[in-house]
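Undergrad: Return a 3D structure for these sequence lines:
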Amino acid sequence: MKLSYDAETDSLYIHISDSQAADSDEVADDVVLDFSTDGTLVGIDIQHASQKTDIQSIVVSNLPLRELQAA
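TA: Reported below is the predicted structural model:
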């Protein structure tokens, strides 16, 4: 899983997997779920992220991580 933030567009994208999105569904204002061809959730797009989330802090808790990177 990977989080990507674009300050220019104020959008946060949560990459659930590396699969390509084939379909999308806006489930709330400025929140879009992306799905693969088989219907698997592959990403979450949050527009106006600084207004909808606390992007200043990320807390990772109880995840079975093999790797943690900051870019």
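
Undergrad: show me what contacts the residue lying closest to residue 40 once chain neighbours are set aside?
TA: Nearest residue to residue 40, sequence neighbours excluded (CB to CB, 6 or more residues apart in numbering): residue 19, at 6.7 Å. Backbone N, C-alpha and C define where each C-beta goes, glycine included. For residue 19, the contacting residues are 36, 40, 42, by CB atoms under 8 Å, 6 or more residues apart in numbering.

Undergrad: how near is the spatially most central residue of the chain to residue 52?
TA: Computing the C-alpha centroid of the chain and ranking residues by CA atoms, centre = their mean puts residue 14 first, at 1.4 Å. To residue 52, residue 14 is 13 Å away according to CB to CB, to the nearest Å.

Undergrad: Please enumerate the shared neighbours of those two.
TA: What both residue 14 and residue 52 touch, as defined by CB under 8 Å, 6+ apart, is the set residue 46.

Undergrad: Quick check: residue 30 touching residue 47?
TA: Yes: assessed by CB atoms under 8 Å, residue 30 is found in contact with residue 47 at 3.8 Å.

Undergrad: Run a quick check on residue 27 versus residue 35, I expect a contact.
TA: No: between residue 27 and residue 35 there is no contact, the gap being 11.4 Å when judged by CB under 8 Å.

Undergrad: Now for the two: what residues contact both?
TA: Joint contacts of residue 27 and residue 35 (CB under 8 Å, 6+ apart) do not exist.
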